[in-house]
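Chemist: could you work out the structure for the sequence below:
(one chain, ligands or ions: 1)
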Amino acid sequence: MESSPEAMPQPPSGRYLLRTFGCQMNEHDSERIAGLLEADGMTPVTDAADAQIVVFNTCAIRENADNKLYGNLGHLRPLKMANPDLRIVVAGCLAQKDQGKIQERAPWVDVVIGTHALPELLDLIQRAAEDGPQMDVREYTEIFPSALPAARESAFKAWVSIAVGCDNSCSFCIVPLVRGPQKSRPIGDVLAEVQGLARTGVTEVTLLGQNVNTYGRDMTVPGSARRPLFADLLRAVNEVEDIRRIRFTSPHPHDFTPDVIEAMAESSRVCEHIHFPLQSGSDAVLKAMRRSYRSQRYLGWLEQIRAAIPEIAVSTDIIVGFPGETDEDFEETMRVVEQARFDAAFMFQYSPRPGTTAGTMEDQVPKEQVQQRFDRLVALQEQISRACNEALIGARQELLIEAGGKGGLQGRTRGNKLVHFDHAGDLTPGMFVDARITGAEAHYLKGDLVREAASVR
Ligand code: SF4
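Modeler: Next up is the predicted model:
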């Protein structure tokens, strides 16, 4: 039944403040939250005192995430007391995990909205104004956040969600609990979004999912037994005119099948970079983490990827001090890191996260020991990153200019490395230039512009 325009809820208009915590998935959702509010005539502000709506898009993965949230909510309480029309919204993974507890602990919160309910945001805000506190923590995604209007951070780069949720059960991870089982987005919808983005001037897209390479396993195509798989999706996106760079994050090593490697190698717009999370080099720890591969297999996959795409840059995630990790286990991680020669690594000290299996495991490693191991790993990885970067000195690299800084510009290579170079003429973010690499540090490169007309696009 359709409702008449008079019956449609009219959310408040004015100004909003949005704070985002956590990963790319949350940043992507925040672009949608901002898009919904702005489509409703609201404008962003940076100070809660100027806002009529404050939204915290929360993360349940980071340490002390809940303490930080309640601290932030506590700061808003006097504002809410002074202005009962202020609407306070808690969205994201902590909202999905803690549900009713949030309004129990902070009764001045108007709306708790989980990860699957974003399309209901304006409606919930309106209902909170009329009927008091609201909560929607439904368990299943019906409308992909990507289908909602977006207020994007960048005019030339965009995230495109291809799947939400995850069917794995890594023992340190809260994602399956707060994002649910994997649900893939129809390939036609993904392509339509990428084509629409290209029309607005976007040249780089990052395909986003918790485990991108199992894309499509939960779907069937009408009239066909075959499901659209990640390799097919990469090839299809590679055909979209005016998209010059395609990235994706994150794959699970176990599902990184030869057809995906082939599709990457054959698709000229797919960048030569892969994020390939190792987590630990110890087979005993990988087992306890419920990661479905072992270190030798991981190194074997890496070899296959490098054989097919020799110039590929590889980054990874590593957790140090997982419960039960012995000195020998940690030495295994050091050994695998030395062999794998990662260009970059995101390294984390393990800390128990409520709601995860590992959070209640015995044998938690003492903090001091974790710190010592972590410092050794960081020192080793910095040395490797610097050596990988030094190997690029003298090479010509295509850069997408991302930002301007003091007296210089910053661009990113196809291998996802940041390059600083001197400002020249009227170059602006979003342009492509070529640079010759002249220097290398562990976390960035230095370059000189190649001064040929054809090097600026
Ligand atoms: S594959 Fe990634 S998202 Fe899924 S449970 Fe493991 S760490 Fe979490």
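Chemist: C-alpha from now on. contacts and neighbour counts both.
Modeler: Will do.
Chemist: which residues touch the helix or strand containing Q397?
Modeler: Element membership for Q397, per DSSP states H and E: strand 396-405. The contact list for strand 396-405 (Cα atoms under 8 Å, 6 or more residues apart in numbering) reads 409-414, 419, 428-437.
Chemist: contacts for stretch 278-295?
Modeler: Residues outside stretch 278-295 that contact it (Cα under 8 Å, 6+ apart): 169-172, 253-254, 298, 316-320, 322, 324-325, 329-330, 332-337, 358.
Chemist: do that again at 6 Å, thanks
Modeler: Here stretch 278-295 makes contact (Cα atoms under 6 Å, 6 or more residues apart in numbering) with C170, S171, D317, I318, I319, D329, E332, T333, V336.
Chemist: could you tell me which of those count as buried?
Modeler: C170, S171, I318, I319, D329, E332, T333, V336 (16 or more other Cα atoms under 10 Å).
Chemist: the third one: helix or strand, and which one exactly?
Modeler: Translated: I318. strand 313-320.
Chemist: quick one: which of the contacts of stretch 278-295 is nearest to N26?
Modeler: D317 (18.4 Å; Cα to Cα).
Chemist: measure that closest one to R353 for me?
Modeler: 17 Å (Cα to Cα, to the nearest Å).
Chemist: same thing with L76?
Modeler: For L76, the distance to R353 - Cα to Cα - is 26 Å.
Chemist: swap in D343?
Modeler: 28 Å.
Chemist: of these two, who's got more company?
Modeler: D343 (25 against 19; other Cα atoms under 10 Å).
Chemist: grab the nearest non-local neighbour of that one.
Modeler: S385 (4.9 Å; Cα to Cα, 6 or more residues apart in numbering).
Chemist: quick check: the one you found touching H443?
Modeler: No - between S385 and H443 there is no contact under Cα atoms under 6 Å: 7.1 Å.
Chemist: which of these two has more residues huddled nearby?
Modeler: Taking neighbours as other Cα under 10 Å, S385 and H443 compare with S385 leading, 21 against 14.
Chemist: can you tell me how far the more buried one sits from A442?
Modeler: 5 Å.
Chemist: dump the strand holding Q397 to CSV, restricted to CA.
Modeler: Output of strand 396-405 as CSV, limited to C-alpha atoms (Å, rounded to 0.1, in the frame of the first residue of the first chain):
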residue,chain,number,x,y,z
ARG,A,396,58.9,5.9,-13.5
GLN,A,397,55.5,5.6,-11.7
GLU,A,398,52.0,6.8,-12.6
LEU,A,399,50.6,8.9,-9.7
LEU,A,400,47.1,9.9,-8.9
ILE,A,401,47.4,13.2,-7.0
GLU,A,402,45.6,13.0,-3.7
ALA,A,403,46.5,16.0,-1.7
GLY,A,404,48.5,19.1,-1.6
GLY,A,405,50.8,19.9,1.3
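Chemist: tell me the pLDDT of E63.
Modeler: Looking at E63, its pLDDT stands at 65.
Chemist: also T220?
Modeler: Value for T220, per-residue pLDDT: 68.
Chemist: give me the contacts around the helix or strand that contains H420.
Modeler: H420 is part of strand 418-422, with elements assigned from DSSP H and E. Applying Cα under 6 Å, 6+ apart, the contact partners of strand 418-422 are G408, L409, Q410, G411, R412, Y444, L445, K446, G447, D448.
Chemist: the ligand versus G114, what's the distance?
Modeler: 17 Å (Cα to the nearest ligand atom, to the nearest Å).
Chemist: tell me the contacts of that residue?
Modeler: Taking Cα under 6 Å, 6+ apart as the test, what G114 contacts is A91, G92, A95, Q96, V137.
Chemist: give me the phi and psi for the second one.
Modeler: Backbone dihedrals for G92, given as degrees, to the nearest 10, come out at phi 90, psi -160.
Chemist: so what pairs up with it in the strands?
Modeler: T58 (DSSP bridges).
Chemist: what's the burial count for it?
Modeler: 30.
Chemist: that one is in contact with A60, isn't it?
Modeler: No - using Cα under 6 Å, G92 makes no contact with A60, being 8.3 Å away.
Chemist: got the residues of the stretch 101-250 of the chain near the ligand?
Modeler: Taking Cα under 6 Å from any ligand atom, the part of the stretch 101-250 of the chain that reaches the ligand is made up of C166, N168, S169, C170, C173, V175, P176, Q210, N211.
Chemist: quick one: residues contacting the fourth one.
Modeler: The one in question is C170. M289, R290.
Chemist: report pLDDT for it.
Modeler: 93.
Chemist: from T356, how far out is it?
Modeler: In terms of Cα to Cα, C170 sits 9 Å off from T356.
Chemist: likewise for the fifth one?
Modeler: Note on C173: its distance to T356, by Cα to Cα, is 6 Å.
Chemist: now swap in the third one and tell me
Modeler: Computed as Cα to Cα, the S169 to T356 distance reads 9 Å.
Chemist: what do you get for the first one?
Modeler: Relative to T356, C166 is positioned 14 Å away (criterion: Cα to Cα).
Chemist: ok, now T316?
Modeler: Distance, T316 to T356, using Cα to Cα: 22 Å.
Chemist: which residues are in contact with the residue of the stretch 351-457 of the chain found nearest the ligand?
Modeler: When distances are taken as Cα to the nearest ligand atom, the stretch 351-457 of the chain reaches nearest to the ligand at T356, 9.9 Å away. Going by Cα under 6 Å, 6+ apart, T356 touches F172, I174.
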